[in-house]
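Participant: Have a look; sequence and predicted model below, questions after that.
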Amino acid sequence: MKDGIYYIENTTDNYHSSPSAYFKTLEEAKAALRFFSDWWFDKGTGRIYFQPFGFYLKTDTYESFTRVLTYKPSPIFVCRGMGLDQDGNVIFSNEAF
């Protein structure tokens, strides 16, 4: 996989979400998810994403001039924490919602 970071994203209310923590590896992010929670839910809930480093270029031509635009890669959904089982381990799902 490309270079980048993994992060846990949690909801902060009914309408918003934000990154809660950043990690070098997926294993670290999965292990830490048990301490985080979405708004109004128990521990072990949230989503893990991978954000690749870098950017890419796109050429945009409009009438008589051309410009080069930069875009960052979109985050890639990895998995979702559905809560904790009775042993305190996170229950993971591959579905975003």
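Facilitator: Sure thing, it's come through. Numbering: from 1, shown residues only.
Participant: Give the burial count for Val68, as a bare number.
Facilitator: Here the neighbour count serves as a burial measure; for Val68 (other C-beta atoms under 10 Å) it reads 8. The C-beta positions use only the backbone N, C-alpha and C, and glycine is treated the same way.
Participant: go on, Pro73?
Facilitator: Residue neighbour count, defined by other C-beta under 10 Å, stands at 14 for Pro73.
Participant: Over to it: give its phi and psi.
Facilitator: Backbone geometry at Pro73, expressed as degrees, to the nearest 10, gives phi -60, psi 150.
Participant: which one is it nearest to, not counting chain neighbours?
Facilitator: The spatially closest residue to Pro73, leaving aside those adjacent along the chain, is Pro52, at 4.3 Å (C-beta to C-beta, 6 or more residues apart in numbering).
Participant: confidence score at that neighbour?
Facilitator: Each residue has a pLDDT score; the one for Pro52 is 96.
Participant: just Val78 next, same as before
Facilitator: Looking at Val78, its pLDDT stands at 97.
Participant: Pull the contacting residues for the residue nearest to Pro73.
Facilitator: By C-beta atoms under 8 Å, 6 or more residues apart in numbering, the contact set of Pro52 is 2-4, 73, 76.
Participant: Many thanks, have a good one.
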